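Asks: starting from these lines, generate the structure:
(chains A, B, C and D)
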2 protein chains.
Amino acid sequence: MNQADQAALFALPLFAHLPVAALERLADGGFVHSEPPEAVLFLEGESARFLHVILSGRVSLFGSIGDIAASGGLPHREAIVEIFSAGDVIIAPAVLLDLPYLMSARVIETARIAFLPADAIRDLMREHADFARQAAMMLARHWRLLARQLKDQKLRSAPQRLARYLITLANGTQGEGQGVDVELTLDRRTLASWLGMSPENLSRSIAQLAEVGVHFRGRKVSIASVARLHAYCQEDDLR
Amino acid sequence: MNQADQAALFALPLFAHLPVAALERLADGGFVHSEPPEAVLFLEGESARFLHVILSGRVSLFGSIGDIAASGGLPHREAIVEIFSAGDVIIAPAVLLDLPYLMSARVIETARIAFLPADAIRDLMREHADFARQAAMMLARHWRLLARQLKDQKLRSAPQRLARYLITLANGTQGEGQGVDVELTLDRRTLASWLGMSPENLSRSIAQLAEVGVHFRGRKVSIASVARLHAYCQEDDLR
DNA sequence: CGGTTGTTTGAGGACGTTCAAGTACTGTGG
DNA sequence: CCACAGTACTTGAACGTCCTCAAACAACCG
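Replies: Sure thing, here's the model as predicted:
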């Protein structure tokens, strides 16, 4: 593990307050690897051998149904459950609980990833209170990500879910009450899967949002009024 | 807070290893209250003033859309996201992060609930390493609950989701490879909402499952073969 | 330029919801 | 014990949403 990678890794809140000795041990046990798009980090059902930390790039977490490997039979389908990027840790729960992964992970944008041995992480939990605290905070944040998504999934329509996604994008921008321009960072297939709809239906949802003043030109999206979007999807405005 | 309540509360893994002094302080600051069905513990958007611990009974976590209070306008809808019962802690994330609730909570079966002040809990996180560890483990388990549900929601049909629910019920029973009888502990409305479908559609899903050897008589369900259910919903068998 | 891939559009169908009516189950008071 | 009301659940029909399949475009790359 080189200097730059170590520095990036240990600057994360999760590791920031650990004593140097612990960090060195972690760096020795782990390694960093660059992974191209489509690379699969692990498949659901596998046991969690590493904690994966994304130093750059993006990784999708997806569930699948049917036969994962080719072969014949059932019509393999998959759905993206979450997308993580630089600074995020992928599926700490499986590592902490020492249980098999519930989902698979695939790189969607060339990623530099730190592989930290699972047992070293569990040791850290035991030995360093601050690590445990940071882990709890991180898990709490991740829980909220899923909770919000589940709520959307259960009670909002496809165009409304798209609108919600745009709102979160717009929140990142310097918000003025009125119009905002944002840029999609995902291709449509991926976005559709994440939002829980087919690519075709995403297209139609995009068309639909023209009615509330949202216009797509390639990856650029111009939102006439974020407030209007809020109203459209009955947004509760909770971060 | 009486003796019995304290004993039950502090027997939970989350509190089990705390020093007596800390427990006493917690007991002093908090209180226990019995809540009837339909009682609302909190609404989404409110700030998290207490950590709620269920000593008995059951509580549903639900998201809502439209106008919560009556008034006119949009057609208020809600969906149950998770159901917690004795021994569970409700929405630790909002408490730990000191952020508003993303969802509301409502008692579905008369519940005895401990209200522990949020700031006392955050103090515990800071001061007691073991509490932080246990909290992290609990959050990890809760994350997996939501992750599994989200996956189901995105890629399984209504009858398949019902089948998955029956499988988890059957897991609780002494499993033999073959037939199992389980008992529903929820009324259909509630179950339907949790599974993300209308009550009518739950009825039809129930009818559908007869084809794979599942028969409902009131709250009793007889499952001819759990293996058959697994195959039906393309279950991956991950706990 | 042709091939490849990604996105859009259209038609048809499956799944799920809604609304309305019917049936079963519960408890209550006569 | 039965009639009754009230509730919960089921059933049916119509509708809407979303998916699938197929084809048409568009954009990109050799």
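Asks: got a list of what whichever residue of chain A sits closest to DNA strand D touches?
Replies: Residue of chain A nearest DNA strand D, by CB to the nearest atom of the strand: A:Asn201 (3.1 Å). (Glycine included, C-beta is placed from N, CA and C.) Applying CB atoms under 8 Å, 6 or more residues apart in numbering or on different chains to A:Asn201 gives the contacts A:Ala158, A:Ala192.
Asks: any idea which element it lies in?
Replies: Using DSSP states H and E, A:Asn201 sits in helix A:199-208.
Asks: get me the contact residues on chain A for DNA strand C.
Replies: A:Asp187, A:Arg188, A:Arg189, A:Pro199, A:Glu200, A:Leu202, A:Ser203, A:Arg204, A:Ile206, A:Ala207, A:Phe216 (CB under 7 Å from any atom of the strand).
Asks: contacts for stretch A:178-192, please.
Replies: With CB under 8 Å, 6+ apart, stretch A:178-192 has contacts from A:60, A:80, A:83, A:108, A:165-166, A:169-170, A:172-173, A:194, A:198-199, A:201-203, A:219-226.
Asks: one more: stretch A:209-228?
Replies: A:159, A:162-163, A:166-167, A:169-170, A:175, A:177-185, A:206, A:229, A:232.
Asks: residue boundaries of the strands in chain A?
Replies: Counting by DSSP state E, chain A has strands at residues A:31-35, A:40-42, A:50-65, A:77-85, A:89-90, A:104-117, A:180-183, A:214-217, A:220-223.
Asks: could you dump the last one to CSV, C-alpha only?
Replies: What follows is the C-alpha trace of strand A:220-223 in CSV, where atoms were taken according to Å, rounded to 0.1, in the frame of the first residue of the first chain:
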residue,chain,number,x,y,z
LYS,A,220,-27.4,18.1,-18.5
VAL,A,221,-30.6,18.7,-16.6
SER,A,222,-32.2,22.1,-16.1
ILE,A,223,-34.7,22.4,-13.3
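Asks: going by neighbour count, which residues in it are buried?
Replies: By neighbour count on 16 or more other CB atoms under 10 Å in any protein chain shown, the buried set for strand A:220-223 is A:Val221, A:Ile223.
Asks: specify the beta-bridge partners of the spatially closest residue to A:Ile121 that is not a sequence neighbour.
Replies: Once flanking residues are discounted, A:Ile121 sits nearest to A:Leu51: 4.7 Å by CB to CB, 6 or more residues apart in numbering or on different chains. With DSSP bridges applied, A:Leu51 shows beta-bridge pairing to A:Leu116.
Asks: check whether the longest helix seen in chain A comes near chain B.
Replies: Ranked by residue count under DSSP state H, the longest helix found in chain A is helix A:129-155. Yes - using CB under 8 Å from any CB of the partner chain, helix A:129-155 reaches chain B at A:129, A:132-133, A:135-137, A:139-144, A:146-151, A:153-155.
Asks: got the buried residues for that helix?
Replies: Buried residues in helix A:129-155 (16+ other CB under 10 Å): A:129-140, A:142-155.
Asks: one more: stretch A:181-193?
Replies: A:Val182, A:Leu184, A:Leu186, A:Thr190, A:Leu191, A:Ala192, A:Ser193.
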